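**Q** give the three-dimensional model of this entry:
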Amino acid sequence: MLTYKKSGVDVDKANSLVDWIKKLNPTIGGFSGLYPIDNNKFLSASCDGVGTKLKVAHISNKHDTVGIDLVAMNVNDVICSGAKPLFFLDYFACGKLDVNIAKQVIKGIKDGCDQAGCVLLGGETAEMPSFYQGKDYDLAGFTVGIVEKKNIIDGSKIRKGDVILGLPSSGLHSNGFSLVRKAFSEKEIKKYSKVLITPTKIYVKEILNIFQKMPNSILGICHITGGGFYDNIVRILPKNLNAIIDKDSWKIPEIFKIIQLKGRMSDREIFRTLNMGIGMILVVRDSNVSKIQKLLKDSIIIGRIENGKSEVIVS
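**A** The predicted structure follows:
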């Protein structure tokens, strides 16, 4: 039976590091950091990368979409706090610069910024001979957004009876690829490369539309990335409430079923690793569900909030 840990990624160890960091700075722990710039406004910032999805880019020889992934992983985190992304900067590191590949990557970054409605402000290209092998490269980036204090979303207003809406993903997005590469042979990666390389969906504009048309109607936003449902949703749950997820409420894309079958993975393991077709969740009042679903036509009711002990239950 394959697990994320057996594929080389120890989520529990990473969580223990985060817990240690929180002791140094208790304000850390949300999907993005918040910094007050005056009495009414906060900057929201996030830093992230693309991970080993870059290996799939090399195998499929397609580099024009991983830049979109890079932007998405950051702006989707910033929107979770209620902030509008303002600008983005990237860091491209390689052993030997391949200008053609770099241009493809940077074009993707610009495309991602356009999708998010933010400005590509600048970045850094680092050539590091002998540190990266062959044409290997790595990507990192960060974004800064802005939100009024009264509009900050932190999950504190979530209560029993609230509804969990899921927004469909475009595929695996940008996490879990160490496991995927362990479950699949290189031949299988090539076979499924079109699905695997599909860029992460950027949810910024559609969620900003909700902010504009239905202010303060979203009580919690959760970006489903590393840690899947279990380790992400808990980050927005008040301590006396549980999130109950009905995994039969949406059609899980076939690629996730193939990965689970190939890796002989338990439901809990795969729901703790991959997004399973849901890239973002919103927690809203039951009375607002129909109005929000008219604005987010592809949104799906996938669960509810009940009394509990800040646990996520997928059933």
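**Q** quick check: phi and psi on L54?
**A** phi -60, psi -30 (degrees, to the nearest 10).
**Q** skipping adjacent residues, who's closest to it in space?
**A** Excluding the flanking residues, the one nearest L54 by C-beta to C-beta, 6 or more residues apart in numbering is V66, at 6.1 Å. Heads up, the C-betas are built off the backbone N, CA and C, glycines and all.
**Q** was I right about the one you found contacting A140?
**A** No. Between V66 and A140 there is no contact under C-beta atoms under 8 Å: 11.9 Å.
**Q** could you measure from W250 over to E148?
**A** Separation of W250 from E148 (C-beta to C-beta, to the nearest Å) stands at 33 Å.
**Q** look at these two and report which has more neighbours.
**A** Legend: neighbour count by other C-beta atoms under 10 Å for W250 and E148, higher for W250 (16 against 11).
**Q** quick check on the residue lying closest to that one once chain neighbours are set aside: phi, psi?
**A** Counting by C-beta to C-beta, 6+ apart, I300 is the residue found nearest to W250 once chain neighbours are left out, at 4.9 Å. Dihedral angles of I300 (phi, psi; degrees, to the nearest 10) stand at phi -130, psi 140.
**Q** report the separation between I300 and V204.
**A** 19 Å.
**Q** out of these two, which sits in the more crowded spot?
**A** Neighbours were counted for I300 and for V204 using other C-beta under 10 Å; V204 has more, 23 against 19.
**Q** and the pLDDT for the residue nearest to that one when sequence neighbours are not counted?
**A** Spatial nearest neighbour of V204, excluding adjacent residues (C-beta to C-beta, 6+ apart): A116 at 4.5 Å. Per-residue pLDDT puts A116 at 98.
**Q** still on that earlier bit, residues near the residue nearest to L54, how many?
**A** V66 has 27 nearby residues by other C-beta under 10 Å.
**Q** what about the strands in the chain?
**A** 33-36, 41-49, 84-94, 119-127, 137-148, 163-168, 218-223, 241-245, 278-284, 300-307, 312-314 (DSSP state E).
**Q** packing partners for the last one?
**A** Judged by 3 or more C-beta pairs under 8 Å, 6 or more residues apart in numbering; DSSP states H and E, the packing partners of strand 312-314 are helix 228-233, strand 241-245, helix 267-271.
**Q** list the helices and strands the last one packs on?
**A** So that's helix 267-271. Using 3+ C-beta pairs under 8 Å, 6+ apart, helix 267-271 sits against helix 228-233, helix 254-263, strand 312-314.
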